[in-house]
Each structure stands twice: as C-alpha cells, then as structure tokens.
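[1] 3D model of this:
(2 chains)
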Amino acid sequence: MGSRQHVAMTGNEAVAHAMRQINPDVVAAYPITPQTDIVQFFSQFVADGMVKTEFVTVESEHSAMSATIGAAASGARAMTATSSQGLALMWEMLHIASGYRLPIVMPVVNRTLSGPINIHCDHSDTMGALTTGWIQLYSESAQEAYDNMIQAVRIAEHPDVRLPVMVCQDGFITSHGIESLEVLSDDEVAQFIGEYKPAYSVLDVDNPVTVGPLVLPDYLFEMKFQQAKAMEASRRVILEVGKEYARLTGREYGFLESYKLEDAERVIVVLSSTAGTTRAVVDELRRKGEKVGLLKPRVIRPFPASELRDALSHARAVAILDRAETFSTQGGPLFCEIRAAFYDAPKRPLMRNYIFGLGGRDVGTSQIESVFADLAEDVARGSVKTPVSYLDVRE
Amino acid sequence: MATLRELSRMPEVLVPGHRMCAGCGAPIVVRQVLRAAHAPVVVANATGCLEVSTTIYPFTSWQSPWIHTAFESAAASLSGVEAAYRSLKRQGKISQDIKFVAFGGDGGTYDIGLQSLSGALERGHKMVYVCYDNGAYMNTGIQRSSATPKGAETTTSPVGKVQPGKRGSRKDLTKIVAAHNIPYAAQVSPAHWNDLYAKAEKAFAADGPAFLNAIAPCPRGWRYDSSDTIELCRLAVDTCFWPLYEVENGKIRVTYKPKEKKPLVEFLKRQGRFNHLLRPGNEGLLEELQQEVDRQWEDLLAQSES
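    Predicted coordinates for the structure are as follows:
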C-alpha cells in the first residue's frame, strides 16, 4: 500500500497487516483461538505473493518457537504468534529465545490458561511468562497493537538489546473488535524498521558458530547477567524508538500512559482494553467533580518502577487491577510488583488490588465505578480495608 | 564407492578434543555420515550425550555451524534454519549450496522429539535427520526409552523379582518415518561403513527429507568392553537384530543379507544389560526375543524389492 491511510480493522487484522509490512524472512506459526486470524491473514499474504516470507506451518507451538529460534539464529527476521495454551507450550523455548539473544517479535493475543478450558481474555498467559526474559508491550486497541508491532522490531533488534518482544492485545475484545486506525505506508514501515543486521548466523558456513552449547557454572551466570543488562538497556531504547515513532506518526509511546492523572486523588492502574472502559468512567466522574485518574502501563518487562513511582506518588489511593491470579493469596502480579516499587518511596498512596475479568468475565463501567467508590471509602477511612478483592465474582 | 583410504583423508567436521566416552558409537556415526555431505553443512543437535560432550563452552568440536535448542526440538529448529536458508537464498542474500543435518539420540527422536520430527518430515524440509540409537537415555544415566529392546536392563527397567528388564518391544522408528512417504529412509551400522556411506550420500542427495537410523552402541549402558563397539554393531546386523535396509521412494530394499544368520544370543550375551536373560528360567523370554527378530526379518525380506 502506497500511502498512509485510515482503515477499519480488527486487532488481529491490524497485527497481520503490520507483519505483512515488516515482511519477515520466516514466520513459523500454529493456529490457536483467538490468535487464529493472524495466521490466516498472513497465510493469504503468502499465498498471494505479497511477502518474501517462508511460512513454516508447524505442528505445534513448541515447534513454532523452535523453528522461529532456528530461523532467527540463521540471520533471518523471524516471527510467530500465539495465545494461551500455545504460549504455555512454548514455555521452555521462550527462555531459549531470550537466552540466545534472538530479536524475535511475537504478537500474543491474551487468553486465559486452562483449566478448565476457556477461550476468552485474561492475562494469565503472558503474566505467566514474566520471567522468560522477553520484553512485554501491552496494547489497549488495534491502533496500539499495530504501533507496538512496528516499534517492537526496532526495540528487539537494537544492538544494545537483542531480546525478543511480546506484543500483547486482549483476546476477542481487541483481537476481534473492528476499530478505525491509521496504518503507515509500506515504505514508511520498511524505512522505520530498516534492514536487519544479525549479530551472527548459522548459515555463515565460512565463519562457523556453535549456538546453544553446554554452559557450566563457570560462564552461565555471566550470560544471564548480560541478559539482565540488555533488559536494562532496553529502557532507553524503548523511549528512543517511541520518540522516533512519534515524529513519524504523531503518536508517542513510553512506559506508561496517564489520563487526567495530574491532580487525581484516586487512580486505577490497569492494562490493555480495560483502560478504555476506565477512561470513560474517569470522564464521567470528572464531570461530577471527582478527582479520579487512570494509569495504563504499556511496558511490564522491563518493569517501569521509577516511572510508576513518579506517576502515582501524589495520589491518595490507588487500585491496581490484575487480569491474572498468582495464587499467592497476596494479590495479582501487577499489584505485587507495583507495591514493591513503592517500598522505598517517601510518599506511599494507599494501594489495593482487584483480580478481575478472569476467563473473559466482562468488565463494564459499573464495575470500574465501584472500584473508584471503594477507593473513596479508603481515602475517607485513611486505610485499606481489603487489600485484595475479586471484582464482580459470585462468592 | 570411496575407499577407506579416501574416506580417512576427508576433512573432519567433528574434531578431536570432545568428551564422548571411549568406544561410544555416536561420534563414529557422525563422522561417517558427514563425509557424505559433499557440501558445507549446518548441524542441529538434540539435547543428549553428543550435544553436551562436544560443546562445553567456551570450547566446541564442531567445525561447521551448529545449533542446539532443546531436547525435542532438533527437527523443528532445523526446519527454521532451512526455511531461513530458502528465504535468504531466494532474496539473493546467500549464494552457497548448504546441506542440513540433525543428530538426535533415541530419546530425542523415538520419544520426546517424535512429534517435531514427524512435522518436519511432513512439511518436506530438505534435511537429513540422523538418529544415533543406543537404546536408552544414556546421557541421564541409562533410563529406558521406546528404543530399548525388550528384556534389556536399564535403571528404569531394572531386573527384579517380578520384572525381567524392559517389558514390551521397541518401536520400529524407521518404518514410522518411512510411513511419512519421504524420499529416503534407511537403517545403518557403522560396522558396515561402505553401506552407511552410500546411504548417507543418498540421504544428502534426496530432494526432500531423509532419515538415517544408526545403531550406536554405548559401552556404559550396554555394559561391554569399549573396544568391542564395532564388533557389536556387526553382530547386531548379522543376528538381524538391526537389519540394514533402505526405503527409497517407497521401495524397500534390504542392502545386506548375512551369509549365515547368527542366533540373537550371540549379540545379547556380549552385553551386561542382557545378562539375566542367560540365567536359568529365562529360556522362554530368550526364545520369544529370537522369534520376534525372526518374524521381523522374514517380514522385511518379504517386503524387500530384491
């Protein structure tokens, strides 16, 4: 497509469109609800000769990630896509992708993990992958999923980073909802992402490399240390790429997006599509004169601890909404990490946690309003009565 | 056909300095197979003895590019490498002709890697997959696999008061692979180096996936003197425990018929893992094993083209 245009697309279609424009050398993928559309759209691009991609129709997600790793280690720009059980089946290979420092970009359409089986949205899949060494970007809308895909390539491939990136969007809510969004022209994307310059390739037979050797206690620790350093370096790169993307599109991306936060006394922190619902409630309550706000993290790995502290320290009460359980009985994954980020902070707002929306349980404005109402009670009381609660569950 | 002198002068891909056990069949198989590539190769390795013993960081015994990802993923990872090769070659970014070969033990091939192998075969990647079959999980300390022969003692099929070693027959992986209708599949033995070399040449030349199943004795797991490896390979073939045959474009051909088929016990009695079968009371099991070998050999001959 020659020019920038406004289009109506589902989240999955927007991601597939981005993949076509990224035009990877290899895609190895396996279908799973609700990611399936991405694979189907991309298959058609391959069938119509619109991409240069070798499409490897693997027999499982384990092999999808294994083949993507093989392709990436061969100096190819390589991608896959998945959801839920697929991500779980990839588990051991996720660590190998990041441990081998391969800049793989993978859209993940968030869906709950079995059991029991359920195909709808929550974040138990990617929250379970927080320790796999992947950068994680979360998207509220099809536009953000598209924009994150394009930026993810640059972040992953940056020489100081060389880490894989998950681009997450909410299953069905975003993946199957049609939205209006702006897409770049093919040329703009090609220019923005540039040519991939791999650090090494197993196809370079004149300069043979041994990829994936046995590394014993004398060296493995240093490799993991370097990986942590790369994750640290990604913080700068994520911001640089976000600024460059803003110059191109007018849409700037950082670690967090705040909404009416400056003077907010009560704040909800939530990822992805539920931020949209929360924004509507913030507008409604602001009309009534209530000082409420929203903070939507875009990046969870690396974890933006100092940015969260800066953004939330002025608030009186904060509710962190987690679309995943840890079963620690101490709250969801976001809650635990955000609360830990405030341990050394001189000023700590009241903080409470809600587990919500598991297995696709719908979250509407009334539930979000009830959270703000609970926060008002906490503020009045000066303390949190229930640190961890379940939003809209039948007890 | 190359002579032994010619073969011995060919450049090595797997060079000395690695830490495979003396007498291990696996590196012998690797070195014989790779002589037939006649092109630069990229090697993939499943997790296992060969992988851990040849690449102890920061050292490597591999003179060609080599990749290991996980236990069950050698075929899948090599699929990705081969797909990248096709993509980059089509784009003019690579001009050389390169061959692709995976090595996996029986654990990584018969068991945990069977699905990814099957997927790669069905998709038609142009690669050679070599299973070095030593009949158990030797790397983790001799646990039974689906390649372990019936009656063999391993650490997870021990001989006890109520169990005479491994129960059940081994899987016929070569036939399973051949059922994917790939261009070439064969069984080989390093004792028959000329047969192995010819089959490896066919495998590398095949226009699609090819598979070699190589018997690879393990002195530790089979419990024999490490100088007897090639002798055991020969006995496996001469007793028809490990028939040499190929399946080329669907046609089965036995490539070596022993002049005199030796009794199975000649192969078994040389290995400590079968000691218990020779004790009084196990004659029935021994006879059963002989009958199974006989039946499979007769079946194979009946299916063979010549």
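
[2] Ignoring the adjacent residues along the chain, who's closest to residue B:151?
    residue B:165 (4.6 Å; Cβ to Cβ, 6 or more residues apart in numbering or on different chains). Every C-beta, even on glycine, is put in place using the N, C-alpha and C of the backbone.

[3] any idea how far the one you found lies from residue B:135?
    Distance of residue B:165 to residue B:135, given as Cβ to Cβ, to the nearest Å: 12 Å.

[4] intersection of neighbour lists for the two?
    Taking Cβ atoms under 8 Å, 6 or more residues apart in numbering or on different chains as the contact rule, residue B:165 and residue B:135 both touch residue B:152.

[5] what about the two, which has more around it?
    Between residue B:165 and residue B:135, residue B:135 has the larger neighbour count (other Cβ atoms under 10 Å in any protein chain shown), namely 28 against 23.

[6] Model confidence score at that one, please.
    Per-residue confidence at residue B:135 stands at 98 (pLDDT).

[7] check contacts around it.
    Shown in contact with residue B:135 (Cβ under 8 Å, 6+ apart): B:106, B:145, B:147, B:148, B:149, B:152, B:170, B:218, B:221, B:222.

[8] Same question for residue A:264.
    Residues in contact with residue A:264 (Cβ under 8 Å, 6+ apart) are A:291, A:292, A:293, A:314, A:315.

[9] Could you pick out the buried ones from these?
    Among the contacts of residue A:264, those classed as buried by neighbour count (16 or more other Cβ atoms under 10 Å in any protein chain shown) are A:292, A:293, A:315.

[10] If the first one is in a bridge, with which residues?
    In this structure, residue A:292 bridges to residue A:266 when assessed by DSSP bridges.

[11] Pull the number of nearby residues for residue A:190.
    Count around residue A:190 with other Cβ under 10 Å applied: 14.

[12] Pretty sure it sits in a strand.
    No. Applying DSSP: H, G, I helix; E, B strand; the rest coil, one finds residue A:190 to be helix, outside a strand.

[13] isn't residue B:212 right next to residue B:131, touching?
    Yes. The pair residue B:212 / residue B:131 is scored as a contact, 7.2 Å apart, by Cβ atoms under 8 Å.

[14] Run a quick neighbour tally on residue B:98.
    Neighbours of residue B:98 (other Cβ under 10 Å): 20.

[15] so what's it up against?
    A:203, A:205, B:39, B:40, B:41, B:42, B:85.

[16] Would you confirm that the third one contacts residue B:97?
    Spelled out, it's residue B:39. Yes. The pair residue B:39 / residue B:97 is scored as a contact, 5.4 Å apart, by Cβ under 8 Å.

[17] Can you pull the phi/psi pair for the residue of chain B at minimum distance from chain A?
    Relative to chain A, the nearest point of chain B is residue B:80 (2.8 Å; Cβ to the nearest Cβ). Backbone torsions for residue B:80, taken as degrees, to the nearest 10, come to phi -70, psi -40.

[18] count of residues packed around it?
    Residue B:80: 35 neighbours (other Cβ under 10 Å).

[19] which secondary structure element contains the closest residue in space to it that isn't next to it in sequence?
    Using Cβ to Cβ, 6+ apart and skipping residues adjacent in sequence, the residue nearest residue B:80 is residue A:70, 2.8 Å away. In this assignment (DSSP states H and E), residue A:70 forms part of helix A:61-72.

[20] pLDDT weak spots in the chain?
    As the question left the chain open, I've gone with chain A. Within chain A, the segments meeting pLDDT under 70 span A:1-2.

[21] wait, chain B
    Along chain B, segments meeting pLDDT under 70 span B:306.

[22] right, and residue B:10 touches residue B:35 too?
    Yes. At 4.9 Å, residue B:10 counts as touching residue B:35 under the criterion of Cβ under 8 Å.

[23] residues in contact with the residue of chain B closest to chain A?
    Residue B:80 neighbours (Cβ under 8 Å, 6+ apart): A:26, A:28, A:56, A:66-74, A:78.

[24] ok, now residue A:75?
    With contact set as Cβ under 8 Å, 6+ apart, residue A:75 has these partners: A:196, A:198, A:200, A:201, A:202, A:203, A:204, B:84, B:88.

[25] how about those in JSON lines, adding distance to residue B:25 and secondary structure?
    Listed next are the contacts of residue A:75 as JSON lines, based on distance: Cβ to Cβ, whole Å; DSSP: H, G, I helix; E, B strand; the rest coil:
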{"residue": "A:196", "distance to residue B:25": "41", "secondary structure": "coil"}
{"residue": "A:198", "distance to residue B:25": "36", "secondary structure": "coil"}
{"residue": "A:200", "distance to residue B:25": "32", "secondary structure": "coil"}
{"residue": "A:201", "distance to residue B:25": "32", "secondary structure": "coil"}
{"residue": "A:202", "distance to residue B:25": "26", "secondary structure": "coil"}
{"residue": "A:203", "distance to residue B:25": "30", "secondary structure": "coil"}
{"residue": "A:204", "distance to residue B:25": "31", "secondary structure": "coil"}
{"residue": "B:84", "distance to residue B:25": "32", "secondary structure": "helix"}
{"residue": "B:88", "distance to residue B:25": "35", "secondary structure": "helix"}
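
[26] Go through the residues you listed and name the one nearest residue A:136.
    Among those, residue A:196 lies closest to residue A:136 (Cβ to Cβ), at 21.5 Å.

[27] Count the residues that sit near the closest one.
    By other Cβ under 10 Å, neighbour count at residue A:196 equals 17.

[28] Verify the stated contact: it with residue A:77.
    Yes. With contact defined as Cβ under 8 Å, residue A:196 counts as touching residue A:77 (4.6 Å).

[29] mind listing the strands for the stretch 101-250 of chain B?
    Along the stretch 101-250 of chain B, counting by DSSP state E, counting those that start in this stretch, strands occupy B:128-133, B:184-188, B:210-215, B:245-248.

[30] Quick one: those as a markdown table, columns for mean neighbour count and distance to chain A too.
    Below are these laid out as a markdown table (neighbours: other Cβ atoms under 10 Å in any protein chain shown; distance: least, Cβ to the nearest Cβ, whole Å):
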| stretch | mean neighbour count | distance to chain A |
| --- | --- | --- |
| strand B:128-133 | 28 | 14 |
| strand B:184-188 | 28 | 19 |
| strand B:210-215 | 27 | 17 |
| strand B:245-248 | 22 | 22 |
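
[31] Pipe those into a markdown table and attach distance to residue A:310 per row.
    As requested, the strands of the stretch 101-250 of chain B are arranged in a markdown table below (distance: least, Cβ to Cβ, whole Å):
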| stretch | distance to residue A:310 |
| --- | --- |
| strand B:128-133 | 55 |
| strand B:184-188 | 63 |
| strand B:210-215 | 59 |
| strand B:245-248 | 67 |
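
[32] who's more crowded, residue B:10 and residue B:35?
    Of the pair residue B:10 and residue B:35, residue B:35 is the one with more neighbours under other Cβ under 10 Å, namely 22 against 14.

[33] That one is in contact with residue B:7, isn't it?
    Yes. Contact criterion Cβ under 8 Å: residue B:35 and residue B:7 qualify, at 5.6 Å.

[34] Can you pull the residues that touch both of these two?
    Shared contacts of residue B:35 and residue B:7, defined by Cβ under 8 Å, 6+ apart, comprise residue B:197.

[35] ok, back up a step: which neighbours do residue A:196 and residue A:77 share?
    Counting by Cβ under 8 Å, 6+ apart, the shared contacts of residue A:196 and residue A:77 are residue A:157.

[36] quick revisit: and the two most separated of the contacts of residue A:75?
    Maximum pairwise distance among those (Cβ to Cβ): 15.2 Å, between A:196 and A:202.

[37] Quick one: residues contacting the closest residue to chain B within the stretch 1-150 of chain A.
    Residue of the stretch 1-150 of chain A nearest chain B, by Cβ to the nearest Cβ: residue A:70 (2.8 Å). Counting by Cβ under 8 Å, 6+ apart, residue A:70 makes contact with A:202, B:44, B:67, B:69, B:76-84.

[38] Show the end-to-end separation of stretch A:246-261, please.
    22 Å (Cα to Cα, to the nearest Å).

[39] Relative to the whole chain's centre, how far out is it?
    Offset of stretch A:246-261 from its chain centre (Cα atoms, centre = their mean, to the nearest Å): 15 Å.
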